[in-house]
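Asks: This is a predicted model, with the sequence first.
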Amino acid sequence: VPATRATPALDGAPTPILHVLPGAAGGDGSEARPFGSLPEALSRLTAGGTLALHRGEFRVDAALTIPSGVTVVGVGPTAGTALVVTRGHAGLVIAANVTVRDLALRYEDGVARAEDAAMDVPTGTSLSLRNVLVEGAYEGLRVSGSVTAERLSVRRAARNGVALVGAASGRFRGLLVRDGDHQGVFVGPQDGTAGPAGHVQITDAAVLDNALRGVVLLGAAARGGGAAECTLDGPSSSSGDLDCLTRGAIERNGAQALGVQGARAVQLRRVSLSGTRAVGTEPDADGLVVSDGARVTLDDPESAMMSTPAAPRPGLGSIIVGNARVGVLADGAGADLSLSGARVQSNRNAGVLVTGGANARTIGYCRVDDNRAVGVGVTSTGTVVSIQCNGITGTLAAPLTGSRPSLGDGLSITRGGAGVVIADNEMTGNDRFGAVLSAASGTFRHNRGSDNLYAIGVYDSPMLTVIDNDTLTGRAPAPATAPALAGSP
């Protein structure tokens, strides 16, 4: 919405208040006689206060250090107050306890320099943002300290739209990151591989059309205890040791919508991880990737509470749709996935795949429809505790990634761990098996479905109890010998 004011709204703003108007001369900082220079006004705010920026464009020819305790406020980011960076340097360097609101920070075409950030929040400092647009920077927001933001938009960043590095922390509500040349949001160690990693909590986000990845959460971080929770209203007071993503659209990014790697705990609620596309040297375009010690809970409590096998209400939570490879991939030693209430549909390879030493605690109250090769697959190197999906349907015959044979199975489990419970699933319209199990142990009961080529295939599974599956049917008897099964990607 275009700004309509000529001067900022200053109710409750810290004093002293110094006004700045582009092109003004001979002023004293009052509203009637504003300064014309940002550095001049900032030099007067040595002990806190408010920098009130009138409507117009302010040229930023050198990085501006915002002193501790200062609030910078404009009249709005659209046709309002704009800071225009004209040379290759950082935009704003933040000291402790700084607030910036109601303005735009733009880089002129071609001037953004590698490693510079439009807003840089060093270790030990904090920044509060509200209603801010950043455009054309190398990195939109780089945080080594802490940030809270409401209605932050970052567009056309050359590297990361938002980067939380080292032990940084961030809370965002109403975040838009789009059209970047690399990643939308990055949270991880300073060098991207080792060292401390912080946490992020994001509510109501759109991370769209970034060239490589949407959101990357990398590295070991403190993991919350059992009382920590990310609610549908945003992170709770006890969620400091969790990464939360609630009500977010992470769509049409390149090689990955959301990747979580390393010993950190993440809760996802009502998110869309959809529409990835293979790009350049990154052909593995998956929706959600959980790897190497990460613990991810992808759930919607209301779907679970309101669903029963007799009265299903599946797929009311998150959606993972139309990705160029796997919808949900758990792959790597110690990776741990819990999925409830999601819709996983029309991915160009497996819907859900657990492999490489990963474990799925539960896959339940979900719809897994119209994927290729395998709807839900657990390979010989993955494990699962329970599967209860209201629909695993329409799996199309295709090779699973990394394997040659054409599959087409609703559910495929090879070993899967001890004591697996597979109950109350519907498996309908799959091109090959409704369910195929090899060397499995546990219980397969009360499953149903029709219009599969084969209903159930059970091979080399003397420790598997198969009962009450009479309404799971196929058009032909299952082969007597084990067919090709899901392999590791």
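Replies: Structure received. In this text, all values refer to a predicted model and were calculated from it rather than measured experimentally.
Asks: Sketch out the strands for the stretch 201-350 of the chain, chain order is fine.
Replies: Secondary structure of the stretch 201-350 of the chain by DSSP state E, counting those that start in this stretch: the strands cover 213-218, 230-231, 234-235, 243-251, 256-261, 265-274, 286-291, 295-299, 319-321, 328-331, 336-340, 343-345.
Asks: Next, the angle strand 286-291 makes with the longest one.
Replies: Going by axes from the mean of the first three to the mean of the last three CA atoms, to 10 degrees, strand 265-274 is angled at 160 degrees with respect to strand 286-291.
Asks: what are the C-alpha coordinates of strand 265-274, in CSV please?
Replies: The C-alpha coordinates for strand 265-274 follow below in CSV (Å, rounded to 0.1, in the frame of the first residue of the first chain):
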residue,chain,number,x,y,z
ALA,A,265,14.8,-29.9,16.4
VAL,A,266,12.3,-28.4,13.9
GLN,A,267,8.5,-28.2,14.1
LEU,A,268,6.5,-27.4,10.9
ARG,A,269,2.8,-26.7,10.9
ARG,A,270,0.6,-25.9,8.0
VAL,A,271,3.4,-25.2,5.5
SER,A,272,3.6,-25.7,1.7
LEU,A,273,6.8,-27.2,0.5
SER,A,274,6.0,-27.4,-3.2
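Asks: what residues are up against Arg155?
Replies: By CB atoms under 8 Å, 6 or more residues apart in numbering, the residues touching Arg155 are 133-136, 161, 176-180. Any C-beta I mention is one placed from the backbone N, CA and C, and that applies to glycine too.
Asks: wait, I meant Ala335
Replies: Residues counted as contacts of Ala335 (CB under 8 Å, 6+ apart) are 290-295, 356-359.
Asks: Against Gly317, how distant is it?
Replies: As for Ala335, its distance to Gly317 is 21 Å (criterion: CB to CB, to the nearest Å).
Asks: And Val147, by the same measure?
Replies: On the measure of CB to CB, Val147 and Gly317 end up 28 Å apart.
Asks: show me what contacts Gly23?
Replies: Taking CB under 8 Å, 6+ apart, one finds 36, 56 in contact with Gly23.
Asks: Go again with 10 Å.
Replies: Contacts here follow CB atoms under 10 Å, 6 or more residues apart in numbering; on that basis Gly23 touches 34, 36-37, 56-58.
Asks: Of all pairs in those, which one is the farthest apart?
Replies: With CB to CB as the measure, no two of the contacts of Gly23 lie farther apart than Pro34 and Glu57, at 14.7 Å.
Asks: out of these two, which sits in the more crowded spot?
Replies: More crowded of Pro34 and Glu57, by other CB atoms under 10 Å: Pro34, with 22 against 13.
Asks: show me what contacts the more buried one?
Replies: Pro34 is in contact with 7, 18-25, 27-28, 41, 52-54, counting by CB under 10 Å, 6+ apart.
Asks: Per-residue pLDDT of it, please?
Replies: We have a pLDDT of 96 for Pro34.
Asks: For the buried ones among the contacts of Arg155, write the corresponding PyMOL selection.
Replies: Applied in PyMOL, the following selects the buried portion of the contacts of Arg155 according to 16 or more other CB atoms under 10 Å:
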select buried, resi 133+134+135+136+161+176+177+178+180
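Asks: I'd like the contacts of Arg155 written out as TSV, with distance to Ala220 added.
Replies: Formatted as TSV, the contacts of Arg155 follow (distance: CB to CB, whole Å):
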residue	distance to Ala220
Leu133	34
Val134	29
Glu135	34
Gly136	34
Gly161	24
Leu176	29
Val177	24
Arg178	29
Asp179	31
Gly180	26
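Asks: Mark which of the contacts of Arg155 are part of helices, please.
Replies: Counting by DSSP state H, the contacts of Arg155 place none of their members in helices.
Asks: Mind listing the residues bridging to Phe172?
Replies: Beta bridges link Phe172 to Ala149, Ile202 when assigned by DSSP bridges.
Asks: What of the one 4 residues further on?
Replies: Under DSSP bridges, the beta-bridge partners of Leu176 are Ser153, Ala206.
Asks: With Gly474 as the reference, name the closest of the strands of the stretch 201-350 of the chain.
Replies: The closest of the strands of the stretch 201-350 of the chain to Gly474 is strand 343-345. By CB to CB, the value is 22.6 Å.
Asks: Let me know the next secondary structure element after the closest one.
Replies: Per DSSP states H and E, the first helix or strand lying C-terminal to strand 343-345 is strand 352-355.
Asks: looking only at pLDDT, what's the mean for whichever helix or strand comes after that next one?
Replies: Sequence order places strand 359-364 as the next helix or strand after strand 352-355, per DSSP H and E. The average of the pLDDT scores along strand 359-364 is 95.
Asks: Walking through the stretch 51-200 of the chain, point out its strands one by one.
Replies: 56-60, 64-66, 70-73, 81-85, 92-94, 98-107, 117-121, 126-135, 139-143, 146-155, 160-165, 169-178, 183-188, 199-208.
Asks: Nice, that's everything, thank you.
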